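Colleague: Mind looking at a prediction? Sequence and model below.
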Amino acid sequence: MEKVMVSEVIVSYEKFNVIPVQHAFQNMWHFSIYIAVAYLVAVYAAERIVQKKRDTKWLLAFWNLGLAIFSLWGAYNVTWLLIEDLLTVGFNRTVCWKDYYVNRKPLAYWLYLFCLSKLPELFDTAFIILRKAPLQILHTYHHASVLVFSWHILAYGPGASYWYAAMNYMVHGIMYTYFCLRAIKIKIPEFLAKCITSLQSVQMLVGFTVNFYSIYKKLQGEECGNTYAHSAVAIFLYFSYFVLFLRFAQQRYSKPKAKTQ
């Protein structure tokens, strides 16, 4: 395993070149596994240690605002471009073209930022712990597994990752905006919260679908820029997220029916 310098991993747009960054992450993506394990140990230990509820209103609002702005700008640079590509080159190319980003520096850079952002997003959990809110398996499992999956994507650049980033930027832009408004006690109609949860579930179904499509094309003998192993892992993860989001929606929004006499 080659030694990787920080300057090879954290680079500005001006110095960014996708090939050296990929090479660096091929040598270090596995560190995300160690980080994910440390994260899970730390958050469940902290949940037991922190006894007093803390007021994080404004810090939480600014945190969510920052993530909302980042995600919305990412959606402008990735999601909008995916929509344009769907209209011009078609669905098959957006899923199967492995080098869709190599000669498109702005797109490649925002895909790079998407994968890197999964590390700071782990700190979402700190606010849950400090506010003594319930720490759900959906949250911790999702954050830990997405970090590992995203860094592996950054190392090998499968074609379907165009879809992952595009969907995630859009959904997170809406979601973190909602969280920001809720943090400063702006009342949001419940149907909007339900819409966000539904959008998250749809995101999982789309991720599930594009990977099944990739496997289908490969079984037909056509080239599609995703390995069987990658698609299988992606299908498992997206399906598990979908089940957990459904469970979350049921617990949060399903009201018990009144008993009849």
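Modeller: Ah, there it is.
Colleague: Packing partners of the helix or strand Pro20 falls within?
Modeller: Per DSSP states H and E, Pro20 falls inside helix 18-28. Counting contacts by 3 or more Cβ pairs under 8 Å, 6 or more residues apart in numbering; DSSP states H and E, helix 18-28 packs against helix 6-9, helix 105-116, helix 137-156. Quick note: C-beta positions are derived from backbone N, CA and C, even for glycine.
Colleague: can you list the residues that contact the helix or strand following that helix?
Modeller: Heading C-terminal from helix 18-28, the first helix or strand you meet, by DSSP H and E, is helix 31-49. Helix 31-49 is contacted by residues 119, 122, 125-126, 129, 135, 140, 143-145, 147-148, 150-152 when judged by Cβ atoms under 8 Å, 6 or more residues apart in numbering.
Colleague: Any of these buried? List them.
Modeller: Buried members of the contacts of helix 31-49, counted by 16 or more other Cβ atoms under 10 Å: 122, 125-126, 129, 140, 143-145, 147-148, 150-152.
Colleague: any chance of those in a markdown table, with pLDDT and distance to Ile186 too?
Modeller: Converted to a markdown table, these look like this (pLDDT from 0 to 100; distance: Cβ to Cβ, whole Å):
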| residue | pLDDT | distance to Ile186 |
| --- | --- | --- |
| Leu122 | 96 | 26 |
| Thr125 | 96 | 23 |
| Ala126 | 95 | 22 |
| Ile129 | 95 | 24 |
| Thr140 | 96 | 27 |
| His143 | 97 | 25 |
| Ala144 | 97 | 31 |
| Ser145 | 97 | 31 |
| Leu147 | 97 | 30 |
| Val148 | 97 | 35 |
| Ser150 | 96 | 31 |
| Trp151 | 96 | 35 |
| His152 | 95 | 38 |
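Colleague: if we take those, which one ends up nearest to Met28?
Modeller: Trp151 (8.1 Å; Cβ to Cβ).
Colleague: my read: that closest one touches Tyr112, true?
Modeller: No - proximity of Trp151 to Tyr112 does not meet the contact threshold set by Cβ atoms under 8 Å, at 10.9 Å.
Colleague: Using JSON lines, lay out the buried ones among the contacts of helix 31-49 together with distance to Arg252.
Modeller: Listed next are the buried ones among the contacts of helix 31-49 as JSON lines, based on distance: Cβ to Cβ, whole Å:
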{"residue": "Leu122", "distance to Arg252": "23"}
{"residue": "Thr125", "distance to Arg252": "18"}
{"residue": "Ala126", "distance to Arg252": "22"}
{"residue": "Ile129", "distance to Arg252": "20"}
{"residue": "Thr140", "distance to Arg252": "17"}
{"residue": "His143", "distance to Arg252": "19"}
{"residue": "Ala144", "distance to Arg252": "22"}
{"residue": "Ser145", "distance to Arg252": "22"}
{"residue": "Leu147", "distance to Arg252": "25"}
{"residue": "Val148", "distance to Arg252": "27"}
{"residue": "Ser150", "distance to Arg252": "26"}
{"residue": "Trp151", "distance to Arg252": "30"}
{"residue": "His152", "distance to Arg252": "31"}
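Colleague: can you tell me which two in the contacts of helix 31-49 are farthest apart?
Modeller: Counting by Cβ to Cβ, the most remote pair of these is Ile129 and His152, 27.5 Å apart.
Colleague: Show me what counts as buried in stretch 94-113.
Modeller: Neighbour counts over stretch 94-113 (16+ other Cβ under 10 Å) mark 94-98, 100-101, 107-113 as buried.
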